[in-house]
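Participant: The sequence and its predicted three-dimensional model are supplied below.
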Amino acid sequence: MSATNQAGRSQVHSVAVLYGGISAEREVSLWTGTQVIAALREAGFDVSPIEVTQDLPATIGALSAARPDAVFNALHGRFGEDGCIQGVLDWMGLPYTHSGVRASSVAMDKAAAKAVFSAHGLPVAAHRVISPEELEAADPLPLPYVVKPVDEGSSVGVTILREGDNRRQEIARNWRFGQRIMAESFIPGRELTVAVMGDEALAVTEIATGNVFYDYEAKYADGGSRHLLPAPIHPDATAEAMRVAVAAHRALGCRGVSRSDFRYDDTDGEPGRLYLLEVNTQPGMTRTSLLPEQAAHRGIAFPALCAWMVGQACHGP
């Protein structure tokens, strides 16, 4: 069988899946790509897997040889979801899944994304962008606060600094994620996430973890977290999280799917207060990842979700 693109787009028979990449999230992308490849084949597509490495000409050559009708971008992290590979695919005239260059690059840059969210009246925590030298010299915000790379995903490099913590100078001296650090007030409460498919929020998931926060280990280690779907929160908070997720998706100019991550401060009782942390333009796509889990909750099987994303593939901003 083949799948028909939505909104009158032509039929897609062949799909190239880009996975792997050269970011700190390479392993996550390999997991995503492997499962997407299987799902697309199950959905009836002719699939060409292309494992991306440092050799960009090889990737371009493999795409040219495959001559796919569309590209499923299963890359994560830098060069995969920050507009770089999107620009290559635009140059080649190949339709691809997820957001285009502009939305991808802005969403990946936490400082730029927060500026967009603030301009659209969306709730964000107090934050500053600082250098490693500034962090070494003094606390940039009142404790407790979070430091994180400006342009990494999967909670890579994220640390919470609390009262009495003596790690600030060590963190600054050993910083390896560039010259910009995002410092953000720590918000107590719960982790929530909302997937958006097209222009519709799917559901709200609470992510429960025994770790200090939803870090890399909690995201990917066996038993690192539990997904509570639907999130057991006040109905007003559910409705607001879904509204903000769609508003953030639109504000950035995302297309296809995205996933918005929140902190939900209910420490003084519900309905509590939401803070938008970031928008992921290329959420994890294993069968048990948060987006596919929410899609399944709405009755959309994993192969059907992957096929829908291919049907939305296009190029441009």
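Facilitator: On my side now, so go ahead.
Participant: For the stretch 51-200 of the chain, just list every one of the helices.
Facilitator: For the stretch 51-200 of the chain, the helices defined by DSSP state H, counting those that start in this stretch cover 56-66, 84-92, 101-108, 110-119, 132-137, 168-173.
Participant: how much does the longest one deviate in direction from helix 84-92?
Facilitator: Just to be clear, that refers to helix 56-66. Helix 56-66 and helix 84-92 are oriented at 50 degrees to each other (axes from the mean of the first three to the mean of the last three C-alpha atoms, to 10 degrees).
Participant: With mean pLDDT and distance to residue 145 as new columns, can the helices of the stretch 51-200 of the chain be given to me in CSV?
Facilitator: Bear in mind the C-beta positions are built from the backbone N, C-alpha and C, glycine included. Below are these laid out as CSV (pLDDT from 0 to 100; distance: least, C-beta to C-beta, whole Å):
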stretch, mean pLDDT, distance to residue 145
helix 56-66, 97, 37
helix 84-92, 96, 30
helix 101-108, 95, 22
helix 110-119, 96, 14
helix 132-137, 96, 10
helix 168-173, 94, 10
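Participant: Of those, which stretch is the most buried?
Facilitator: Comparing the helices of the stretch 51-200 of the chain by mean neighbour count (mean count of other C-beta atoms under 10 Å), helix 101-108 comes out on top with a mean of 23.
Participant: what angle do it and helix 110-119 make?
Facilitator: 100 degrees.
Participant: Need the residues that contact helix 101-108.
Facilitator: 78, 81-83, 86-87, 90, 98-99, 112-113, 116, 151, 153, 252-255, 258, 278-282, 317 (C-beta atoms under 8 Å, 6 or more residues apart in numbering).
Participant: now the helices of the stretch 51-200 of the chain in CSV, with distance to residue 242?
Facilitator: Output for those, formatted as CSV (distance: least, C-beta to C-beta, whole Å):
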stretch, distance to residue 242
helix 56-66, 36
helix 84-92, 27
helix 101-108, 19
helix 110-119, 16
helix 132-137, 35
helix 168-173, 35
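Participant: Quick one, which of the ones you listed gets closest to residue 73.
Facilitator: helix 84-92 (6.5 Å; C-beta to C-beta).
Participant: now for the closest one, which elements pack on it?
Facilitator: Applying 3 or more C-beta pairs under 8 Å, 6 or more residues apart in numbering; DSSP states H and E, one finds that helix 84-92 makes contact with helix 56-66, strand 70-73, helix 101-108.
Participant: okay, these in a markdown table with distance to residue 271 next?
Facilitator: Below are the helices and strands packed on helix 84-92 laid out as a markdown table (distance: least, C-beta to C-beta, whole Å):
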| stretch | distance to residue 271 |
| --- | --- |
| helix 56-66 | 47 |
| strand 70-73 | 37 |
| helix 101-108 | 27 |
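Participant: what about the ones you listed, which gets the closest to residue 267?
Facilitator: Nearest of those to residue 267, taken as C-beta to C-beta: helix 101-108 at 28.6 Å.
Participant: quick one: that closest one to chain centroid distance?
Facilitator: With C-alpha atoms, centre = their mean, to the nearest Å as the basis, helix 101-108 stands 11 Å off its chain's centre.
Participant: Over to stretch 280-300?
Facilitator: So, by C-alpha atoms, centre = their mean, the centroid of stretch 280-300 is 11 Å from its chain's centroid.
Participant: Start and end of that stretch, how far apart?
Facilitator: The first and final residues of stretch 280-300 sit 20 Å from each other (C-alpha to C-alpha, to the nearest Å).
Participant: Sticking with residue 285, tell me its helix or strand.
Facilitator: Here residue 285 sits in a region with no helix or strand, counting by DSSP states H and E.
Participant: Show me which of the contacts of helix 101-108 are buried.
Facilitator: Among the contacts of helix 101-108, those scoring as buried are 78, 81-83, 86, 90, 98-99, 112-113, 116, 151, 153, 252-255, 258, 278-282 (criterion: 16 or more other C-beta atoms under 10 Å).
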